[in-house]
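S.K.: when you get a sec, could you give me coordinates for this:
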Amino acid sequence: MTLRNYCQPTNVTIRWGLCAVSVCSEPDIAAVVQDLIHDVLGVDWLTVTGASVHCAKDPPKPYNAGFYVMIVLCGILGLLVVIGWIVDVISQCIPSPPHPTIHKTRKAVTYQNPADEYTPLLADNPYTSSGSYKQSTGWKSITRGFLVELLLCFAVNKNLQKLLSTRQSEKAIGCLHGLRVISMAWIILGHTFLWPAVTGLVDNWLQLFEILKPFSFQVILNGTYSVDTFFFLSGLLVAYLVFFQLDKENGNLNWFQFYFHRYWRLTPTLLFTILFWMYLRPWMGQGPVWHITTYTEPCEQYWWTNILYINNFYPTNSMLGCIQWTWYLANDMQFYWISPIIIILMYKSVMYGIVSLLTLLAASTITIISLFLYYDFPVAMIAAGGGGAPTLLTPEGPNSFDIVYVKPYCRIAPYLTGLALGFLLQRKRVLRIPWPYFTAIVGWVVATVIAMAVVYGLYPSTSLGHELSQAEVILYNSLCRLAWSISVGWVVFACRYNLAGRFHLAWSISVGWVVFACRYNLAGRFHFIY
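M.R.: Next up is the predicted model:
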């Protein structure tokens, strides 16, 4: 509908739930509501059609073969979890052999690899993978076969121990845990407000418009920078870990394993999530608006784009895609695909690496400028508008979400910043900084000013109605994500090289990793409920 008398025309969706007798069909209800709006309320510009009326059904849709297959699959996974736990308990009850004899097979080395994505989740004994020691006893060796090891991978107790562990390697960058926690909480908070607005599940639109206007609400309207923090962290960790491996292997690395391990690590879980979304979630609720969440046709048609990690390009309209929020995974995977080019150049020559980074940054910036010039997009995707009426994403026509927001060539700047900082952290384990107190003060002041300007700088435009020129819009959108990643990069740099003081404890608190682990695994599954 169009709110014509509220400062400016704005297309929004209003959903109205009501109770009716079971004999009424959807066209009947549409006719009654139409008469009510026209005759009683006196509104003649709002049309209600039968297609827009959805009656609650129980079950919401008929059960199909996919539903039964997913029930069986989830049952098998649950059974494996229980069996794995039982096997682990039994193996721990077997008494240890008396007086084992330890034979050194080669020169002992201290195993100090940082725990990363290459480290097996259930690698209890670090010496097992290094081959430094071999244990022999007078007892007959009890070897674990492939089947036992496979079952132990599902053991709930062992996985929970790993998931909730707060132990860190000496080389771990502790402040990253704090960044993850804060960024994930920011994402959840933003979607809590955004999701009702996008789906139309709002009691009073006029009240929502007023909520968007305060200065403090800018942190919600500009919550998209929390995603850039994760892009930055991804680039940082890829560079940090790969340069470590390259140094360890004298410049050699199995690049096939580099790519395959990443794909195999993410895709099975992603595919299970898609199947869960298609065949189980529709039956997990009911009500007059539950039909919104039972719409699975996009996944039935475009699921393959997700597992190929091209869903941020096809379909071209994100609203028609499968589980649309996985555009992040597509971007992150695409960044990962090209990262070896930069890493190899940087490993061979620092100058070549810097030139490649700056070239990609310049190309990304020019692309953003060109797109905003051509389409004349507004400065923000979501704004309160001059008189309070919001500008929201719409599925019709070109919009900055599909053309700019989800495209890797527009979002790569934070990832490149992370690659550069990861290289520095790996090459300079100890960095002597002149005038550390002065450097720390200047660094924190500059980083804070940049971050505040990025998050709160649009307040006059998005809430007070100050219209920005096209040059100002382009300047902000072409540099904002790079500026944000530089600000976050300073936090990591300062914590790593002892320029953070007591703030380092707040960023590095170990319990934050526990909170993040739980939030990260649950948020993606439940944030759509809001």
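
S.K.: in this protein, which helix has the most residues?
M.R.: helix 65-93 (DSSP state H).

S.K.: show me what it is packed against.
M.R.: Helices and strands touching helix 65-93, by 3 or more Cβ pairs under 8 Å, 6 or more residues apart in numbering; DSSP states H and E, are helix 146-152, helix 156-163, helix 255-279. For every residue, glycine as well, the C-beta is placed using N, CA and C.

S.K.: now that helix: buried residues?
M.R.: For helix 65-93, a neighbour-count test (16 or more other Cβ atoms under 10 Å) marks 67, 70, 80-81, 84-85, 87-88 as buried.

S.K.: mind putting the residues you listed in TSV, distance to Thr439 and pLDDT included?
M.R.: Formatted as TSV, the buried residues of helix 65-93 follow (distance: Cβ to Cβ, whole Å; pLDDT from 0 to 100):
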residue	distance to Thr439	pLDDT
Phe67	60	92
Met70	56	94
Leu80	53	94
Val81	51	93
Gly84	51	92
Trp85	51	92
Val87	54	90
Asp88	50	89
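
S.K.: what is the nearest of those residues to Thr367?
M.R.: Lowest distance from Thr367 to the buried residues of helix 65-93 (Cβ to Cβ) belongs to Met70, with 40.8 Å.

S.K.: so what's the closest one up against?
M.R.: Contacts for Met70 were tallied using Cβ atoms under 8 Å, 6 or more residues apart in numbering; they are 275-276, 279-280.

S.K.: and these as CSV, adding neighbour count and distance to Ile412?
M.R.: Below are the contacts of Met70 laid out as CSV (neighbours: other Cβ atoms under 10 Å; distance: Cβ to Cβ, whole Å):
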residue, neighbour count, distance to Ile412
Leu275, 18, 31
Phe276, 16, 30
Tyr279, 21, 35
Leu280, 15, 35
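
S.K.: out of those residues, who's nearest Leu189?
M.R.: Ranked by distance to Leu189 (Cβ to Cβ), the contacts of Met70 are led by Phe276 at 24.6 Å.

S.K.: now the closest one: closest residue in space, sequence neighbours ignored.
M.R.: Nearest non-adjacent residue to Phe276, counting by Cβ to Cβ, 6 or more residues apart in numbering: Met70, 6.7 Å away.

S.K.: tell me the spacing between the one you found and Gln334.
M.R.: Note on Met70: its distance to Gln334, by Cβ to Cβ, to the nearest Å, is 29 Å.

S.K.: checking my notes, Gln34 in a helix, right?
M.R.: Yes. Judged by DSSP: H, G, I helix; E, B strand; the rest coil, Gln34 forms part of a helix.

S.K.: leaving out chain neighbours, which residue sits closest to it?
M.R.: Leaving aside its sequence neighbours, Gln34 sits nearest to Val48 (Cβ to Cβ, 6+ apart; 4.7 Å).

S.K.: wait, doesn't that neighbour sit right on Val33?
M.R.: Yes. Contact criterion Cβ atoms under 8 Å: Val48 and Val33 qualify, at 5.0 Å.

S.K.: what bits of the stretch 201-350 of the chain have low per-residue confidence?
M.R.: Along the stretch 201-350 of the chain, segments meeting pLDDT under 70 span 288, 292-296.

S.K.: and the helices in it?
M.R.: Using DSSP state H, counting those that start in this stretch, the helices of the stretch 201-350 of the chain run over 205-211, 218-221, 225-248, 255-279, 297-307, 327-348, 350-375.

S.K.: the longest one vs helix 327-348, what angle?
M.R.: Counting by axes from the mean of the first three to the mean of the last three Cα atoms, to 10 degrees, helix 350-375 lies at 150 degrees to helix 327-348.

S.K.: can you check the fourth one too?
M.R.: Angular relation of helix 255-279 and helix 327-348 on a 0 to 180 degree scale: 170 degrees, by the same axes, to 10 degrees.

S.K.: same for helix 255-279, what does it pack against?
M.R.: Judged by 3+ Cβ pairs under 8 Å, 6+ apart, the packing partners of helix 255-279 are helix 65-93, helix 297-307, helix 327-348.

S.K.: JSON lines for these, including distance to Phe243?
M.R.: Below are the helices and strands packed on helix 255-279 laid out as JSON lines (distance: least, Cβ to Cβ, whole Å):
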{"stretch": "helix 65-93", "distance to Phe243": "36"}
{"stretch": "helix 297-307", "distance to Phe243": "29"}
{"stretch": "helix 327-348", "distance to Phe243": "7"}
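
S.K.: looking at the ones you listed, which is closest to Leu468?
M.R.: With Cβ to Cβ as the criterion, Leu468 lies closest to helix 327-348 of the helices and strands packed on helix 255-279, at 26.4 Å.

S.K.: can you give me the buried ones in that closest one?
M.R.: 327-336, 339-340, 342-347.

S.K.: again, but for stretch 229-248
M.R.: Across stretch 229-248, burial judged by 16+ other Cβ under 10 Å covers 229-246.

S.K.: just the C-alpha atoms of that stretch, please, in PDB.
M.R.: Provided in PDB are the C-alpha atoms of stretch 229-248 (Å, rounded to 0.1, in the frame of the first residue of the first chain):
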ATOM      1  CA  THR A 229      34.200  -7.200  10.300                       C
ATOM      2  CA  PHE A 230      33.700 -10.900   9.400                       C
ATOM      3  CA  PHE A 231      35.100 -10.300   5.900                       C
ATOM      4  CA  PHE A 232      38.100  -8.600   7.500                       C
ATOM      5  CA  LEU A 233      38.600 -11.500  10.000                       C
ATOM      6  CA  SER A 234      38.400 -14.000   7.200                       C
ATOM      7  CA  GLY A 235      41.100 -12.400   5.200                       C
ATOM      8  CA  LEU A 236      43.300 -11.900   8.200                       C
ATOM      9  CA  LEU A 237      43.100 -15.600   9.200                       C
ATOM     10  CA  VAL A 238      43.600 -16.900   5.700                       C
ATOM     11  CA  ALA A 239      46.800 -14.800   5.400                       C
ATOM     12  CA  TYR A 240      48.000 -15.500   8.900                       C
ATOM     13  CA  LEU A 241      47.600 -19.300   8.600                       C
ATOM     14  CA  VAL A 242      48.700 -19.800   5.000                       C
ATOM     15  CA  PHE A 243      51.900 -17.800   5.500                       C
ATOM     16  CA  PHE A 244      52.600 -19.900   8.500                       C
ATOM     17  CA  GLN A 245      52.200 -23.000   6.400                       C
ATOM     18  CA  LEU A 246      54.300 -21.600   3.600                       C
ATOM     19  CA  ASP A 247      57.200 -20.800   6.000                       C
ATOM     20  CA  LYS A 248      56.900 -24.300   7.500                       C
END
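
S.K.: helix, strand or coil: sort out the closest residue to Gly223 other than its chain neighbours for me.
M.R.: Nearest residue to Gly223 in three dimensions, chain neighbours excluded: Gly190, at 3.2 Å (Cβ to Cβ, 6+ apart). Three-state call for Gly190 (three-state DSSP): helix.

S.K.: pretty sure Gly190 contacts Ser226?
M.R.: Yes. When contacts are counted by Cβ under 8 Å, Gly190 is listed as touching Ser226 (7.1 Å).

S.K.: from Ile343, how far out is Ile188?
M.R.: Distance of Ile188 to Ile343, computed by Cβ to Cβ: 32 Å.

S.K.: er, Lys213 I mean
M.R.: In terms of Cβ to Cβ, Lys213 sits 45 Å off from Ile343.

S.K.: can you check Leu241 too?
M.R.: According to Cβ to Cβ, Leu241 stands 10 Å off from Ile343.

S.K.: what's the answer for Leu237, then?
M.R.: Relative to Ile343, Leu237 is positioned 12 Å away (Cβ to Cβ).

S.K.: now do Val48
M.R.: Separation of Val48 from Ile343 (Cβ to Cβ): 57 Å.
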